[in-house]
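[1] what would the 3D arrangement of this be:
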Amino acid sequence: ALLNKSFETIFNIKNDKNISPEKILEAGRVLAYASGSEGMVGGQIVDLHHDKNNLEILEYIHLHKTGALINASCKVGGILGGADNEELSYLDEFSKNLGLAFQVKDDILDIEGKNEEIGKPRGSDVENKKLTYVTLLGIEKAKELEKELTEKSISSLDYFGSKGDCLKNLANTLLLRKN
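    Here you go, the predicted structure:
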């Protein structure tokens with residue numbers, strides 16, 4: 001329902017900001033791509049049917065599931081906000097690293113989080129034999145990867161100067177989250 005609501009929101013933009021119909025259509029196309037077979041749905045299929053437990057598969061899954069929707073939200077915001085191609089490329093880099101960092105944090109929280117904060121029993125990913133960054137790398141290397149990905153996402157926003165501070169704060173907040 002929320003995914004469909006996002007399309008409804010994009011296509012019901014009141015044009016008081018002088019957003020061109022072409023930009024609105026481009027934003028819708030980006031969201032459709034990110035949520036379809038090349039994005040979230042495709043990542044979900046690989047997640048359900050993979051038979052390899054390696055970092056390449058795990059990264060593919062998460063770039064194409066949650067990561068694709070985080071990426072789309074940044075790109076849609078950029079498109080509707082008037083970003084040029086160079087600015088969109090920095091938003092793309094930011095959001096891909098942020099999406100992966102978000103998932104690594106989820107995997108860490110599954111091991112270290114409190115049940116009431118993470119909304120599921122701690123260790124349920126391991127119990128359900130899910131492929132995670134922690135099972136592949138161990139907890140310490142997963143934490144290092146999360147920090148590295150967060151730093152990469154933040155540094156990709158340097159291009160924007162202080163205009164990128166809100167997104168930088170978001171990345172730091174996600175790094176510190178408990179759920």
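[2] quick one: name whatever helix or strand follows the helix or strand bottoming out on mean pLDDT in the chain.
    None of the helices or strands of the chain scores lower by mean pLDDT, DSSP states H and E than helix 115-118, at a mean of 70. For helix 115-118, the following helix or strand on the C-terminal side (DSSP states H and E) is helix 124-127.
[3] what's the helix or strand following that following helix in contact with?
    Toward the C-terminus, helix 124-127 is succeeded by helix 133-137 as the next helix or strand (DSSP H and E). Helix 133-137 has contacts (CB atoms under 8 Å, 6 or more residues apart in numbering) with 53-55, 58, 103-104, 107-108, 110-111, 125-126, 142, 145-146. The C-beta positions use only the backbone N, C-alpha and C, and glycine is treated the same way.
[4] quick one: which of these is nearest Gly28?
    If you rank the contacts of helix 133-137 by distance to Gly28 using CB to CB, Gln103 comes first, at 25.6 Å.
[5] output the contacting helices and strands for the helix or strand containing the closest one.
    Following DSSP H and E, one finds Gln103 within helix 85-112. Contacts defined by 3 or more CB pairs under 8 Å, 6 or more residues apart in numbering; DSSP states H and E place helix 85-112 against helix 55-64, helix 66-80, helix 115-118, helix 124-127, helix 133-137, helix 139-155, helix 165-176.
[6] okay, those, which one's buried deepest?
    Ranked by mean neighbour count under mean count of other CB atoms under 10 Å, the helices and strands packed on helix 85-112 are led by helix 66-80, which reaches a mean of 21.
[7] I'd like the mean pLDDT over that helix, please.
    Across helix 66-80, the average pLDDT comes to 94.
[8] contacts for it?
    10, 13, 17, 19, 23-24, 26-27, 30-31, 33-35, 39-40, 43, 87-88, 91-92, 94-96, 98-100, 102-103, 167.
[9] run the chain-centre distance for that helix.
    8 Å (CA atoms, centre = their mean, to the nearest Å).
[10] if we can go back for a sec, make a ChimeraX selection of the buried ones in the contacts of helix 66-80.
    Provided next is the ChimeraX selection string for whichever of the contacts of helix 66-80 are buried by 16 or more other CB atoms under 10 Å:
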select :10,19,23,24,26,27,30,31,33,34,35,39,40,43,87,91,94,95,96,98,99,100,102,103,167
